[in-house]
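[1] Let's see this in three dimensions:
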Amino acid sequence: MSELEHEHGPDCGCPDCGNPRSMDFLDKYLTVWIFLAMAAGVGLGYVSPGVVEPIQQYHLVEIGLILMMYPPLAKVNYRQLPTVFRQWRVLSLSLIQNWLIGPTLMFALAVIFFSGIVPWFPARPEYFLGLIFIGMARCIAMVLVWNDLAEGSSEYAAGLVAFNSVFQILTYGVYIWFFALFLPPILGLDAMVAGIAAFDITVEQVFWAIAIFLGIPFAGGILTRVGGVRAKGEAWYAEQLIPKISPVTLLALLFTVIVMFATQGDNIIAQPTDVLWLAVPLTIYFVVMFLVSFAMGRGIGADYSTTTAIGFTAASNNFELAIAVAVAVFGVGSGVAFATVIGPLIEVPVLLALVNVAIYFQQKFDWTGYETGQLVGTAPAASGGSVGDPDGAETDGPEPGSPDGKPSTEPSVDD
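    Numbers count the residues shown, from 1 in each chain. From the prediction side, this is the model:
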């Protein structure tokens with residue numbers, strides 16, 4: 001196969017796939033570029049603190065985030081989304097992970113590290129609230145990039161992000177009230193919310209944060225796909241246009257990392273201990289959420305691409321929303337806002353490492369028979385999975401838990 005005929009991946013049948021030599025220069029040394037971008041951003045912000053003002057004035061971080069989400073959303077075959085939304089087991093699993101396990105885990109970490117109940121961990125109410133603001137803001141933005149880099153399903157990532165975003169618009173304020181105001185006094189942690197009677201978080205505020213950071217790239221991706229396929233056909237779109245716009249993701253990611261770290265260069269160097277202190281619970285959160293969610297996805301018999309999308313949508317957070325709300329409620333110079341700003345700085349290296357973990361799992365585990373919700377184009381050749389019809393018919397997944405420890409070959413009736 002030529003470079004134009006497919007994107008490399010272990011399941012595409014190409015002998016070069018999985019071989020680092022088959023990757024282009026940018027992909028091959030991505031980890032190096034990310035860490036160089038982080039160092040460059042911190043150095044830039046520290047040496048030239050004046051760059052922060054134009055970065056904020058011209059919304060360079062926001063532009064970078066939108067640009068890097070555009071290619072993954074242009075890859076989505078939107079005709080398959082109805083199939084995604086019929087997968088009630090995948091959707092239910094995502095809801096449990098995002099709105100039960102994730103918020104509860106982040107609240108527990110906030111209590112352990114910043115409430116003062118652990119003797120050698122001093123009480124830091126501002127970081128306690130910052131972690132809760134992050135934990136209640138669920139998957140958007142970078143999740144699409146991490147999923148794309150790990151060769152997860154673009155359709156499932158887009159569908160799950162959209163699905164959870166609707167839920168987030170309706171519930172974010174309620175979750176913040178429950179975990180930040182209602183629950184701490186019940187647990188004897190009144191000091192964590194002393195002097196705070198309410199958070200002025202409106203549904204409209206959450207809606208616009210999601211509309212900007214998800215709606216714009218979604219619209220761009222849909223328009224590009226519809227226009228490209230109608231003008232030149234599906235083959236040209238997949239083999240000619242997508243390879244040309246795909247590098248935008250990584251270039252925009254590197255740009256975003258530089259400007260994002262530049263805005264916090266002073267804080268990172270001035271408060272390195274606080275940054276490291278915040279990094280510990282956040283790292284635990286990302287790793288635990290990804291591993292647990294990945295295991296749950298494989299547990300219901302989902303294939304690798306679907307399981308990876310499930311894992312990253314559960315492990316990532318909507319930092320843009322958390323930052324916007326923290327700044328609006330407590331001010332840009334508050335400790336709460338500082339904690340929410342540190343969040344994406346920790347997410348970048350940790351989620352990048354988890355991309356490599358996902359690819360390791362892809363190669364280590366036998367995915368034969370794991371076909372729950374499998375979409376057209378994601379069936380690994382080695383598994384002999386059905387490819388369904390080109391409009392997005394899924395393959396009914398075999399049930400996990402058969403006597404041999406692998407999914408059974410009986411067709412599922414509940415998907």
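
[2] residue ranges with poor pLDDT in the protein?
    1-28, 140-141, 195, 197-201, 332-333, 376-415 (pLDDT under 70).

[3] Tell me which residues of the lengthiest helix in it come out buried.
    Across the chain, the longest stretch assigned as helix under DSSP state H is helix 335-364. The neighbour-count check on helix 335-364 (16 or more other Cβ atoms under 10 Å) flags 335-352, 354-355, 357-359, 361-362 as buried. Yep, even glycine has a C-beta here, placed from its N, CA and C like the rest.

[4] What of stretch 244-251?
    So for stretch 244-251, counting by 16+ other Cβ under 10 Å, buried means 246, 248-250.

[5] where exactly do the strands run in the stretch 101-250 of the chain?
    Using DSSP state E, counting those that start in this stretch, the stretch 101-250 of the chain contains no strands.

[6] Contact partners for the residue nearest to the spatial centre of the chain?
    Central residue of the chain (Cα atoms, centre = their mean): Val143, 2.1 Å from the mean position. Val143 makes contacts with 157, 161, 312-313, 315-316, as judged by Cβ atoms under 8 Å, 6 or more residues apart in numbering.

[7] Output those residues as TSV; include the columns neighbour count and distance to Phe290.
    Shown next, in TSV, are the contacts of Val143 (neighbours: other Cβ atoms under 10 Å; distance: Cβ to Cβ, whole Å):
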residue	neighbour count	distance to Phe290
Ala157	31	14
Val161	28	16
Phe312	32	7
Thr313	29	10
Ala315	27	4
Ser316	29	9
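
[8] Kindly indicate which of those lies nearest Gly116.
    Ala315 (27.6 Å; Cβ to Cβ).

[9] my guess is that closest one meets Ile284, correct?
    No - Ala315 lies out of contact with Ile284 (Cβ atoms under 8 Å); the separation is 11.5 Å.

[10] got a list of what Val280 touches?
    Phe113.

[11] now it, what's its secondary structure?
    Three-state assignment for Val280 (DSSP: H, G, I helix; E, B strand; the rest coil): helix.

[12] gap between it and Pro49?
    27 Å (Cβ to Cβ, to the nearest Å).

[13] go on, Gly41?
    Noted for Gly41: a distance of 13 Å to Pro49, by Cβ to Cβ.

[14] Settle it for me: which of those two has more neighbours?
    Gly41 (26 against 13; other Cβ atoms under 10 Å).

[15] Quick check: chain neighbours aside, which residue is closest to the more buried one?
    The shortest distance from Gly41 to any non-neighbouring residue, by Cβ to Cβ, 6 or more residues apart in numbering, is to Phe261 (2.8 Å).

[16] Met38 is in contact with that neighbour, correct?
    Yes - using Cβ under 8 Å, Phe261 is in contact with Met38, at 5.3 Å.

[17] who's more crowded, these two?
    Between Phe261 and Met38, Phe261 has the larger neighbour count (other Cβ under 10 Å), namely 23 against 19.

[18] check which helix or strand covers that one.
    Assessed by DSSP states H and E, Phe261 sits inside helix 247-263.

[19] That helix packs against which elements?
    Under the contact criterion of 3 or more Cβ pairs under 8 Å, 6 or more residues apart in numbering; DSSP states H and E, helix 247-263 touches helix 25-28, helix 30-47, helix 52-57, helix 60-75, helix 142-149, helix 335-364.

[20] now the angle between helix 142-149 and that helix, please.
    Relative orientation of helix 247-263 and helix 142-149, computed by axes from the mean of the first three to the mean of the last three Cα atoms, to 10 degrees: 140 degrees.

[21] What lies in contact with whichever helix or strand comes after helix 247-263?
    Counting by DSSP H and E, the next helix or strand C-terminal to helix 247-263 is helix 265-270. Outside of helix 265-270, the residues within contact range by Cβ under 8 Å, 6+ apart are 41-47, 49, 261, 275, 338, 341-342, 345.

[22] and Ala302, what are its phi and psi?
    With angles defined as degrees, to the nearest 10, Ala302 sits at phi -70, psi 150.

[23] oh sorry, the question was meant for Gln271
    Torsion angles, degrees, to the nearest 10, at Gln271: phi -130, psi 60.
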